[in-house]
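Novice: model the structure of this input:
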Amino acid sequence: MSFKHISAEQTKQLINDGDVVILDIRDPASFAEGHIDGAKHIEEVDVDAFITGEDKAKPLVVCCYHGNSSQSAAQFFAEKGFTNVYSLDGGFGGWPEE
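Specialist: Numbers count the residues shown, from 1 in each chain. Sure thing, here's the model as predicted:
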């Protein structure tokens, strides 16, 4: 199993549907400056507990700066059994400002 790519517009639809986990892997300062509403920051997540406790069928969108490093992180979670893993194309840099 591997991850899929997802656009900002598709991610917004998942958020509107209300059943998605957004995992932001950027540095803490960048996360503090701005992030997708409801996103979890990787440094605030116990990864082992996340892997064992999170619903692996729920969509998981991994967000980084520009959509590059999120791909390897998304692959990691896919290999851990998550079945709906996405890398956000364009990363937070491509997220439309509200």
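Novice: what is the burial count for the residue nearest to residue 92 when sequence neighbours are not counted?
Specialist: Spatial nearest neighbour of residue 92, excluding adjacent residues (CB to CB, 6 or more residues apart in numbering): residue 63 at 5.6 Å. Using the backbone N, CA and C atoms, a C-beta is placed for each residue, glycine as well. Residues lying near residue 63 (other CB atoms under 10 Å) number 31.
Novice: please apply the same query to residue 87.
Specialist: Neighbours of residue 87 under the rule other CB under 10 Å: 23.
Novice: list the contacts for it?
Specialist: 3-6, 61-62, 67, 70-71, 73-74 (CB atoms under 8 Å, 6 or more residues apart in numbering).
Novice: please repeat the previous calculation with a cut-off of 6 Å.
Specialist: 3, 5, 62, 70-71, 74 (CB atoms under 6 Å, 6 or more residues apart in numbering).
Novice: kind regards, and thank you for your time.
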